[in-house]
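# got a predicted structure plus its sequence, pasted below:
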Amino acid sequence: MYFVFCVTHREFSQRADDTSQRHQIWALLNSYLDGVQEVFERSTYLNLSEDQLIGDGFLSLLPVCKEYELQAALTSIQTVLVRHRSMNKRAVSLDGAPNQAMLQVQHKAIAAALWKNTFPFIKTHSTSQTAPVQLADLAFHFTLLAVSMSGVRESMPSIPSFTTLVQYFGLQDNQVNASICCQYMYNILPNQTIVERLRKELGAEFSKLIIHAWFRCALLTCKPTESMQEFTRMLLKMPEFAKLIHRSVDSFDDDTSTKVVLIQFLKSIADEFQNLQTFQERGQLRGIVQQYLGDVVKYVNPVLKLAGPTDSLNWMYFVCGYIVKYLAKMIYVQGKPQFLLPAILDSMVVPHILFNPNKTMPPSQLNAIRETLHLFLEGISKLDYKRDPYIQRRLKDIITQYFYRFPMRLSSTAGISANVGCNIKHPFLTALQSLHDSNNSDSTRNFRHFILELICTSHLILKSSQLPPKLDSALLFVKELYQRMTVQEIVSTIPLLLGTMLDILLVAETTSVGSVKKPAIAVLQSMLEAYRLTPNTISKEKAESAIRVFIVKHFRSGYIPVLHVLAAMAVMHRDLILSCVPKLLDEVNQVELKRGVGRDRNLRHAVMDVLKHLGEEGRQYSAQLTEEGSLF
């Protein structure tokens with residue numbers, strides 16, 4: 001019978017592409033599998049050389065089966081495994097059983113056949129991206145078989161120990177499919193015998209390995225599954241995990257989603273790290289967290305290379321975003337690129353494809369970045385971005401590459417210091433808003449200012465008197481950002497932005513680019529209104545300095561547009577322009593002296609158009625301009 005099976009499965013393999021022939025041959029093979037299953041189910045003692053039915057033909061058959069064929073074959077193997085274990089366990093107590101020694105020999109022969117002819121496929125196919133979850137159940141039954149055969153391993157050295165099996169299918173950092181690992185651990189953890197033996201053999205590493213296995217499964221399981229949810233529920237009952245996570249939250253319900261627990265897990269680690277006082281304690285926790293997380297980039301690379309499936313891609317970016325948000329300080333040390341953060345940023349946020357003009361980032365990946373970039377930025381904000389060259393470089397890359405890649409969808413709200421629930425769409429705004437809402441400390445304010453400085457340098461500064469491309473979008477971004485800043489923060493941007501805004505308005509006056517004038521004036525209004533609400537000596541000096549520089553820089557090359565800009569500013573903030581009138585009049589005098597033809601009536605009338613917005617002091621300066629002789 002087994003010989004016919006071998007001949008048939010060889011023919012089955014050779015006719016893999018012939019659908020009709022394959023179907024007919026499979027019917028014969030399936031009959032054989034059903035027959036083997038029936039033999040094992042009906043046998044009283046499994047002492048009739050049943051092992052001969054499980055030959056090496058299985059090693060050849062299983063790899064060429066299609067999904068429905070494989071399911072049937074694996075079901076038969078699982079039935080044989082369960083029946084063998086059951087009979088082997090009961091053999092000692094069976095009344096009327098044949099010679100016990102002979103029976104043990106027969107059972108060992110069946111086990112050897114199963115290990116040799118079916119287990120290798122289960123082991124290798126468990127690493128496949130399409131591995132059926134049924135393999136996890138088979139792996140679990142083989143683990144139980146290994147436990148029951150612990151006493152005979154010396155005579156069967158090829159059989160792996162149960163610890164080796166648990167590490168391979170559940171705990172080790174290998175390529176076993178996450179769905180297999182998850183289902184396998186779902187089967188293993190309720191078994192107290194195995195758990196206690198693992199605790200004894202692995203010691204303190206046991207809990208770390210279990211947490212790592214759970215994290216890896218959670219990272220690679222984008223959709224909720226029963227086994228993943230049960231794995232999470234069982235993990236919450238593990239003392240080591242419960243102690244860590246309950247420091248930040250009192251308790252979880254049994255139906256709390258893996259997503260919620262995962263985020264809280266990362267946050268709890270961050271909280272514990274923050275509470276540690278010594279460098280040594282923080283270093284130890286860094287090492288433990290590295291064990292928890294493992295090689296994250298290796299896990300996500302297969303999905304990144306294909307930019308899909310979309311659900312998996314989005315979920316992985318979501319999880320990695322939260323890793324960076326909460327654990328940035330733990331997964332990065334300046335000057336040590338082997339830490340996790342550089343690998344995540346370089347492969348997921350600023351991959352090489354961004355800098356290759358001949359390639360385009362897949363839309364699915366770009367969308368995943370758009371939805372999660374704010375999480376990465378929030379994490380980076382906690383690092384020493386002002387002094388760390390690598391972090392500075394990566395922030396500049398992010399600003400340069402993504403500022404215009406994502407559409408600017410603005411809210412309808414307006415006003416200064418509007419700490420409101422705006423419909424924020426741009427990830428930069430989302431990040432800066434979240435930092436403001438969660439912890440509006442000096443460090444977060446400094447980060448917002450730093451990001452604004454990068455945006456100004458990259459997208460607002462004029463080069464050779466030419467407006468940057470897409471300037472209107474950059475101005476709208478600044479305007480929207482101002483709505484999320486306090487008046488003090490806005491005033492602090494005067495040294496950075498006031499001069500730039502004046503330059504932009506000047507170019508807008510002399511060109512036909514009218515689309516930038518309105519948003520530039522809106523930014524200027526917000527800035528000057530904030531200055532009016534919180535006047536102080538330092539901001540006054542810096543604002544006046546920026547205006548004087550603007551006058552000196554541009555007045556002699558074209559005074560009309562300069563005066564138009566100053567007139568617009570005079571309407572917004574009279575006192576600020578009034579304090580700069582002496583410098584303006586000095587420039588008028590210098591222009592006239594350079595020409596050597598006396599007073600320029602047109603020039604002075606243009607200046608007086610500015611002065612008329614300055615009240616009584618402005619009228620006094622106007623009178624001075626109409627007098628004969630010197631201006632002063």
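Arrived safely, thanks for sending.

# which residues touch V571?
Contact analysis of V571 by C-beta atoms under 8 Å, 6 or more residues apart in numbering lists H613. Heads up, the C-betas are built off the backbone N, CA and C, glycines and all.

# any idea which element it lies in?
helix 559-572 (DSSP states H and E).

# go on, Q21?
Counting by DSSP H and E, the element that carries Q21 is helix 19-42.

# next one: that helix to chain centre, how far?
Using C-alpha atoms, centre = their mean, to the nearest Å, we find the averaged C-alpha position of helix 19-42 to lie 48 Å away from the chain's own average C-alpha position.

# so which other helices or strands are in contact with that helix?
With contacts defined as 3 or more C-beta pairs under 8 Å, 6 or more residues apart in numbering; DSSP states H and E, the packing partners of helix 19-42 are helix 2-14, helix 67-90.

# S492 contacts F450, correct?
No: with the criterion set as C-beta atoms under 8 Å, S492 and F450 do not qualify as a contacting pair; they are 11.6 Å apart.

# neighbour count winner among the two?
The neighbour count for S492 versus F450, taken as other C-beta atoms under 10 Å, is higher for S492 (21 against 15).

# pLDDT at that one, what is it?
Per-residue pLDDT puts S492 at 90.

# pull the contacting residues for it.
S492 touches 445, 449, 539, counting by C-beta under 8 Å, 6+ apart.

# distance of it from I54?
S492 sits 77 Å away from I54, going by C-beta to C-beta, to the nearest Å.

# closest to E281 out of the contacts of S492?
R445 (29.4 Å; C-beta to C-beta).

# quickly find the element holding the closest one.
Assignment of secondary structure by DSSP H and E places R445 within helix 442-459.

# what score does G514 have for pLDDT?
For G514, the predicted pLDDT is 67.

# go ahead and confirm L61 touches A73.
Yes: because the distance of 6.8 Å satisfies C-beta under 8 Å, L61 is recorded as touching A73.

# name the residue in the two with the higher neighbour count.
Using other C-beta under 10 Å as the criterion, L61 and A73 rank with L61 on top: 25 against 21.

# could you flag which of the contacts of S492 are buried?
445, 539 (16 or more other C-beta atoms under 10 Å).

# would you turn the contacts of S492 into JSON lines with distance to L593 and pLDDT?
Supplementary listing: the contacts of S492 in JSON lines, determined by distance: C-beta to C-beta, whole Å; pLDDT from 0 to 100:
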{"residue": "R445", "distance to L593": "46", "pLDDT": "86"}
{"residue": "H449", "distance to L593": "42", "pLDDT": "89"}
{"residue": "S539", "distance to L593": "34", "pLDDT": "82"}
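
# all helices of the stretch 501-632 of the chain, in order?
Counting by DSSP state H, counting those that start in this stretch, residue ranges of the helices within the stretch 501-632 of the chain are 517-533, 537-554, 559-572, 574-578, 581-595, 601-611, 615-626.

# in this structure, which helix or strand is least confident?
In the chain, the helix or strand scored least confidently by mean pLDDT, DSSP states H and E is helix 2-14, which has a mean of 66.

# contacts for stretch 265-282 next, please.
Contacts made with stretch 265-282 from outside it, assessed by C-beta under 8 Å, 6+ apart, are listed as 215, 241, 244-245, 247-249, 285, 289, 292, 322-323, 325-327, 329-330.

# same question, stretch 325-344
With contacts defined as C-beta under 8 Å, 6+ apart, stretch 325-344 is touched by 266-267, 269-270, 273, 282, 285-286, 289-290, 293, 296-297, 320, 323-324, 375-376, 378-380, 382-384, 388, 390-391.

# any of those buried? List them.
266-267, 269-270, 273, 286, 289, 293, 296-297, 320, 323-324, 375-376, 378-380, 382-383, 388, 390-391.

# follow-up on the earlier one: buried set for the helix or strand just after the helix holding Q21?
Proceeding C-terminally, helix 19-42 gives way to helix 57-61 as the next helix or strand, assigned by DSSP H and E. Within helix 57-61, the residues that qualify as buried are 57-58, 60-61, counting by 16+ other C-beta under 10 Å.

# can I get helix 57-61 as CSV, trimmed to CA atoms?
Output for helix 57-61, consisting of C-alpha atoms alone and laid out as CSV, is shown next (Å, rounded to 0.1, in the frame of the first residue of the first chain):
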residue,chain,number,x,y,z
GLY,A,57,7.1,9.9,0.6
PHE,A,58,5.5,12.5,2.9
LEU,A,59,8.7,14.7,2.6
SER,A,60,8.1,14.8,-1.2
LEU,A,61,4.4,15.1,-1.2
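
# figure out how far that helix is from the centre of its chain.
Centroid separation for helix 57-61 versus its chain: 43 Å, with C-alpha atoms, centre = their mean.

# check contacts around L48.
Contact analysis of L48 by C-beta under 8 Å, 6+ apart lists Q106.

# what's the distance between it and I110?
Distance, L48 to I110, by C-beta to C-beta: 11 Å.
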